[in-house]
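1. Build me a structure from this.
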Amino acid sequence: VAASATARGLMHFLLGAATGAAAVAVAIHLRPLFRRHRAGAGPPVVHTAEEWGALQASRLPASGLYCFYSSATGAITTRQELMTVPIDDHAIVRGHACFDTASLVSGRLYRLRIHLERLIASAASARLPLPYAGDAEANIAKMTSVVKATCAASGKADADVRYWLTAGTGNLGLTPTGCQPGFYVLVFGGLPAMDASNGVPEAIVPESAVPLKPALLAELKSNNYMLNAMVMMEAQARGGTYGISVDASGHVRESCALNVCFVTPTGILRTPPFIRLLKGTTVRRAFELARAHLVDTAGGGLLRGVEQGPEIPAEELFRATEVFLVAGDTHAYAVTSIDGRKVGTGNPGPVFAAVQSLLKKDAATGHGADHEDLCSCVKERGAHTDLHSCVLNAAFGKGE
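-> This is a model prediction of the structure:
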């Protein structure tokens, strides 16, 4: 058995990555598999969910994926090896799915409603049937309950919350006909971290190097991010980080998965119009906050104005005093150079720092419609409420 790659990987896991009871549990589940499998016989054939789960566990990191809901089971799990999507889901079969991401900050969901509204709009553009009974508003209400239940089950106060709406399971065909729409929620620890405290270098990625998405796919949040990934890869090959896409006419579009912002020499904060790019929720909030807190038309503030559009030639980025990228509710990255040419002073600027601070403060301590407690009964019943049970009951029809 030790001669097979599968067995070597599992033994490495048992002896290294797992210890104590965890290693013993996996070993017990895999004992029958080891007995059946012969070295050099190809991949082992698995017949039980327990063996399959143990094999899944052997490849997984110790943490990072906290909690998962699947409409295929109608249940939530905190076991990483069970966080899977059916192979006949059209998200995999045909890439027919859309997604969005909200933030769990200090135990509250930040801007969940606006993200769900964009998810529903994306689904309409992609001709995806909604997963729950009723109209769009009824689906938003149900999705909100499910997202809250999944967050509560994670036991985390701070996390990213991503959810997918898919054409669903049922067959390997082209259209959703005969399929049951899917909805999945994942509470996780965020994307791979990078040190951007001193800003990041960037590179222009022309449409001739990586094609832009057609308007339909660019303006909805499709599950297919292959071109987005290629933009980032091309940018890094050119000495950049995330990339700044420029169309064939020389106009700025967006980064790989972020919106582009810049400050003109006259003190105007600008971003491209939402044409052939995603209508970013973060850039919209950033501009609202900047307009409210940073603008002084008399010249006494950091900005003299905030403006979106008209089309922005790429040359304007090289004349800007600041360039920065925003996404993910609170994430902002100062661009210190583009194609090797210094932006402004070559350091993160004051407008970037102010916008980043405003976004983080709004997420952590703001109030109003953008902030939702996981369950209203926490306030009504006091701090000793079983939050997990409370939200599960609200989500799955047992009353609050």
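2. Next one: the closest residue to Val263 other than its chain neighbours, what pLDDT does it get?
-> Nearest residue to Val263, sequence neighbours excluded (CB to CB, 6 or more residues apart in numbering): Glu322, at 4.2 Å. Placement of C-beta: from N, CA and C, glycine included. For Glu322, the pLDDT comes out at 98.
3. so what's Glu322 up against?
-> Phe262, Val263, Ala334, Val343, Gly344, Gly349, Pro350, Val351, Phe352 (CB atoms under 8 Å, 6 or more residues apart in numbering).
4. ok, 7 Å please
-> Applying CB atoms under 7 Å, 6 or more residues apart in numbering to Glu322 gives the contacts Phe262, Val263, Val343, Gly344, Gly349, Val351, Phe352.
5. Asp339 too?
-> Here Asp339 is in contact with Ala203, Ile204 (CB under 7 Å, 6+ apart).
6. swap in Glu202?
-> With CB under 7 Å, 6+ apart, Glu202 has these contacts: Ala235, Gly240, Thr241, Tyr242, Ile244, Val335, Ser337, Ile338.
7. Let me have those in TSV, extended by neighbour count and secondary structure.
-> TSV is the format used below for these (neighbours: other CB atoms under 10 Å; DSSP: H, G, I helix; E, B strand; the rest coil):
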residue	neighbour count	secondary structure
Ala235	25	helix
Gly240	25	coil
Thr241	20	coil
Tyr242	26	coil
Ile244	27	strand
Val335	29	strand
Ser337	18	strand
Ile338	20	strand
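8. ok, longest helix in the protein?
-> Secondary structure of the chain per DSSP state H: the longest helix is helix 136-154.
9. what's the spacing between it and its chain's center?
-> Centroid separation for helix 136-154 versus its chain: 16 Å, with CA atoms, centre = their mean, to the nearest Å.
10. Out of the contacts of Glu322, list just those in strands.
-> Phe262, Val263 (DSSP state E).
11. tell me which of the contacts of Glu322 is nearest to Gly280?
-> Phe262 (14.6 Å; CB to CB).
12. Give the other helices and strands that the strand or helix carrying Arg113 contacts.
-> Assigning secondary structure by DSSP states H and E places Arg113 in helix 112-125. Using 3 or more CB pairs under 7 Å, 6 or more residues apart in numbering; DSSP states H and E, the elements in contact with helix 112-125 are strand 97-105, helix 136-154, helix 281-293.
13. Next, the angle strand 97-105 makes with the last one.
-> The one in question is helix 281-293. Angle, helix 281-293 to strand 97-105, by axes from the mean of the first three to the mean of the last three CA atoms, to 10 degrees: 40 degrees.
14. So which residues lie in contact with helix 281-293, not counting its own?
-> 111, 114-115, 118, 259, 261, 269, 271, 303, 306, 308, 326-329, 355, 358-359, 362.
15. give me every residue that touches Gln308.
-> Arg270, Thr271, Pro273, Phe287 are the contacts of Gln308 under CB under 7 Å, 6+ apart.
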